[in-house]
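In: sequence? don't have it. structure:
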């Protein structure tokens, strides 16, 4: 029989899910044999995320984290997505019963291990079989993962990301919002601390797909002799869905969580990149010029091996369980 402690502990594990600017835009209600996930409109980044895609993706990642945490406790999650048409914040109800999925439970150790790594990665290429594994994890969670491995297509993708970054920097509202979420009060439990941001690479002609966050205190890995600072073999993968409604974005978030946790279990470093999806013209560029399919791009994920000698990035802060519970 499920206990309130088991459900509370599983929700607390779900709080480690990634979210845009570590805004953690979710609220939870825990019942006797179910958990309800709600979006938190007060944590919607209006300038960064005008159509709420990042918010719903973030909540989808937390929903998958919850499923994994429940499976590790021998519990199965039966999920009803968007169960209340009159409450757009109510994204899912998770009914719990005995019998966790072994494939989900196997990802559980990665919840505590996963970090967003914004540094240069290793020159060591990611084997195709690892990329195939990540593609399979996305498919099992209702989305498609497209590795952008062809050089010409990768250049197009990076160009779309860079263009989106430029347009965002020109938006006063975006700049002030970014400052707010990267300059939190000492001891704060959300936002992106400077300790998790690496300084931009110097000495490379290649444009970077990484978002600029301002203050940066995370050291880059030492330069490899004979190679430029930007010389890494990280791959860029695009999460896509057949539709572009709230349910599709929620699924994309679940698939993103599965990909990030599976990559962590393999030993890969990861960086979610949402910039190109936050600007309509850049997103259309990715859809038409990079993917060339009618599917809708939802997020870019950067994966690679950590650079030699690079320590794991510090964990970003998380809000306490009591702060995210609904009565």
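Out: Happy to help now that I have it. Since this is a predicted model, take the numbers as computed values, not measurements.
In: And stretch 289-306, how far out from the chain middle?
Out: The chain centroid and the centroid of stretch 289-306 are separated by 13 Å under CA atoms, centre = their mean, to the nearest Å.
In: List the buried residues of it.
Out: 290-291, 295-306 (16 or more other CB atoms under 10 Å). Placement of C-beta: from N, CA and C, glycine included.
In: could you give me the average pLDDT of that stretch?
Out: Averaged over stretch 289-306, pLDDT sits at 96.
In: before we move on, what about stretch 193-204?
Out: On average, stretch 193-204 scores 79.
In: which among the buried residues of stretch 289-306 gets closest to residue 100?
Out: Nearest to residue 100, judged by CB to CB, of the buried residues of stretch 289-306 is residue 301 at 25.6 Å.
In: That closest one: helix or strand, and which one exactly?
Out: Residue 301 is part of strand 296-304 when elements are defined by DSSP states H and E.
In: Residue 233 reaches residue 149, doesn't it?
Out: No: using CB atoms under 8 Å, residue 233 is not in contact with residue 149; the gap is 10.7 Å.
In: start to end distance for stretch 96-105?
Out: Terminal residues of stretch 96-105 lie 15 Å apart, using CA to CA, to the nearest Å.
In: just stretch 315-326 next, same as before
Out: Start-to-end, stretch 315-326 (CA to CA) is 26 Å.
In: Let me see the mean pLDDT of that stretch.
Out: Here the average pLDDT along stretch 315-326 is 96.
In: related to what we said a few turns ago, give me the sheet partners of the strand holding residue 301 and which way each runs.
Out: Strand pairing for strand 296-304, using DSSP bridges, gives strand 235-241 (antiparallel), strand 269-273 (antiparallel).
In: Could you identify the helix or strand that succeeds it?
Out: helix 321-324.
In: which strands and helices sit next to that next one?
Out: With contacts taken as 3 or more CB pairs under 8 Å, 6 or more residues apart in numbering; DSSP states H and E, helix 321-324 sits against helix 4-14, strand 26-30.
In: Mean neighbour count, these: which tops it?
Out: With neighbours taken as mean count of other CB atoms under 10 Å, these reach their highest mean count in strand 26-30, at a mean of 20.
In: quick one, that strand and helix 4-14 angle?
Out: 170 degrees (axes from the mean of the first three to the mean of the last three CA atoms, to 10 degrees).
In: counting contacts, what elements does strand 26-30 pack onto?
Out: Looks like strand 26-30 contacts helix 4-14, strand 34-39, helix 53-72, helix 321-324 (3+ CB pairs under 8 Å, 6+ apart).
In: Figure out how far stretch 149-164 is from the centre of its chain.
Out: 19 Å.
In: now swap in stretch 287-295 and tell me
Out: 21 Å.
In: what sits up against it?
Out: Applying CB atoms under 8 Å, 6 or more residues apart in numbering, the contact partners of stretch 287-295 are 144, 146, 148, 153, 156-157, 160, 238, 240-242, 296-297.
In: Please repeat the previous calculation with a cut-off of 10 Å.
Out: 143-144, 146, 148, 150, 152-160, 236, 238-244, 248, 276-277, 296-297, 300 (CB atoms under 10 Å, 6 or more residues apart in numbering).
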